[in-house]
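[1] kindly return the folded structure for what I paste below:
(one chain, ligands or ions: 1)
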Amino acid sequence: MKHCGLKDMSRKLDVEAFKKDLKMKAGLVNEYLKHYLPDEKTFPVSLHQAINYSVFNGGKRLRPILVLESANLAGLNQDLAAPFACALELIHTYSLIHDDLPAMDDDDLRRGRPTCHVVYGEALAILAGDALLTRAFQIMSMDNNMAGLNSREVLRIINEISLAAGSSGMVAGQALDLEAEGRLVDGEDLRTVHSLKTGCLFKAALRSGAILGGMPEEKLSSLNFYAENFGLAFQITDDILDVEGDLEELGKPLGSDVQNNKCTYVTLWGLPQAREIAEACVDKCLASLQDFGAEADFLRNLALYLPLRSS
Ligand code: GRG
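    Residues are numbered from 1 along each chain as shown. The predicted structure is shown next:
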C-alpha cells in the first residue's frame, strides 16, 4: 500500500475493502447506464457504437456514485436519483471524448483503450460527445423520470448542472486550461482552472442527490465544502499520478502534462508539497462531514482514498 501521509490513526482506511465497495457501486451505475442509454445496435449504428464504446470502458463512475450517495444521505431512494447520476456520467464522458481530440489534448489512450477518435474517427467522436451531452439533459427532463420527485427541485438541478458543465463551469475551465498551456501561471490561477474544469461537476453531482432528497440548506453547504475540497484533492492526485502513476492502472501514458506544457500542482509546488496540499484538502473533507453520522462513512472513506488511488 502506498503511503498516504495522514498521521491520525482514526483515518485508517481498509483500502482493499473500499475498492471492492467502489467497484460494486460502479457496477450498479453501469446497470442504470444500460437502462438510460440506447444500445449499440440503435440506428445510426456507427454513432451508437462510438457512444457505447466510450461510456462502457471501465470508468470509475465517481460522479454518478456521488449523486447516489448524496441522495442516500438525504433519505431519497437511489432509483429516483439514477437518471441524474447517469446524466452526470454522460456529461463527463462527452468531456473526455472531446478532451482527447487532436484539437485539444490529442490523446490516443483513455481508460487503457484507444480513444474514441482513434477508433471511430474525429468527426464521429465529436458527434458522440455532442449526443452524450444532449442525452444527459433529455434523461433528466423525461416526464416518467419525475414521478416521486418535486419538479421545482428537478428544474433547479438541471439548471445547476447546466451551469456546472457550461461556459461558467467545466467548459470555462477547459478553455482557460488550453490558454494557459506553455505559460507560467500562479497558484490562484491554477486553482481556478481546476475548480472549474474538474470541481464544478463533482459539486453538481453531490448537490443533485441532496437537493432531490430535500436536504436542508445548512447540511447542503457542508456538502458544498466537501465537494470543493474533494474536487481539488482529486485533481492534485491526478497531477501526481501523471508523474508517478502506473501506466497499466492509469490506462493512459504518464507525462502528458509535461508533454502538453501544462502547469500542474506538481510543476508549481513539487511532489511533496502537492501531496501535503491534497492531504489538507482531505482533512477539510472530513471536517465538513462532522454533522453527519455513520451514513456519511462512504464519503469519508472516499476522501481518505483519494491520495491512495492509482487510477
Ligand atoms: C472538453 C468541455 C471539455 C472539457 C474537458 C474533464 C475535462 C474537461 C478534461 C479531462 C482531462 C483531465 C485529465 C482532467 C483532470 C481530471 C479528470 C476529469 C480526470 C478524469 O476523471 P476520472 O478519473 O475518469 O473520474 P474516469 O475514467 O474514471 O471516468
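[2] what's the helix or strand for whatever residue of the stretch 101-250 of the chain ends up closest to the ligand?
    Proximity to the ligand, evaluated over the stretch 101-250 of the chain using CB to the nearest ligand atom, is greatest for Gln174 at 3.8 Å. Where you see a C-beta, it was placed from the backbone N, CA and C, and this is true even at glycine. Under the criterion of DSSP states H and E, Gln174 resides in helix 170-180.
[3] got the angle for the helix or strand that that helix is followed by vs helix 170-180?
    As assigned by DSSP H and E, the chain's next helix or strand after helix 170-180 is helix 187-194. Interaxial angle, helix 187-194 versus helix 170-180 (axes from the mean of the first three to the mean of the last three CA atoms, to 10 degrees): 130 degrees.
[4] and helix 187-194, what's buried?
    Neighbour-count burial for helix 187-194, counted by 16 or more other CB atoms under 10 Å, picks out 190-191, 193-194.
[5] most widely separated two among those?
    Taking CB to CB as the measure, the buried residues of helix 187-194 span a maximum distance of 7.4 Å, between Arg191 and Val193.
[6] can you put the buried residues of helix 187-194 in CSV and add pLDDT and distance to the ligand?
    Below are the buried residues of helix 187-194 laid out as CSV (pLDDT from 0 to 100; distance: CB to the nearest ligand atom, whole Å):
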residue, pLDDT, distance to the ligand
Leu190, 92, 12
Arg191, 93, 14
Val193, 94, 10
His194, 93, 8
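[7] tell me where the stretch 201-311 of the chain has strands.
    In the stretch 201-311 of the chain, no strands are found when defined by DSSP state E, counting those that start in this stretch.
[8] how about the residues of it near the ligand?
    235, 238 (CB under 6 Å from any ligand atom).
[9] which stretches of the stretch 201-311 of the chain have low pLDDT?
    Across the stretch 201-311 of the chain, nothing is flagged by pLDDT under 70.
[10] how about the helices in it?
    Applying DSSP state H, counting those that start in this stretch to the stretch 201-311 of the chain gives helices spanning 217-244, 247-250, 256-259, 265-269, 271-288, 297-305.
[11] quick one: those helices as TSV, columns for mean neighbour count too.
    Listed next are the helices of the stretch 201-311 of the chain as TSV, based on neighbours: other CB atoms under 10 Å:
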stretch	mean neighbour count
helix 217-244	20
helix 247-250	12
helix 256-259	15
helix 265-269	20
helix 271-288	18
helix 297-305	20
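[12] mind putting the ones you listed in a markdown table, distance to Asp143 included?
    Below are the helices of the stretch 201-311 of the chain laid out as a markdown table (distance: least, CB to CB, whole Å):
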| stretch | distance to Asp143 |
| --- | --- |
| helix 217-244 | 26 |
| helix 247-250 | 41 |
| helix 256-259 | 43 |
| helix 265-269 | 44 |
| helix 271-288 | 35 |
| helix 297-305 | 31 |
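[13] let me know which of those helices is the nearest to Lys12.
    Of the helices of the stretch 201-311 of the chain, nearest to Lys12 by CB to CB is helix 297-305, at 8.3 Å.
[14] other residues contacting the closest one?
    Helix 297-305 has contacts (CB atoms under 8 Å, 6 or more residues apart in numbering) with 4, 6, 11, 13, 15, 18-19, 21-22, 69, 73, 226, 229-230, 233, 282, 285-286, 289, 292.
[15] now do it: distance to the chain's middle.
    Centroid displacement of helix 297-305 relative to its chain, using CA atoms, centre = their mean, to the nearest Å, is 15 Å.
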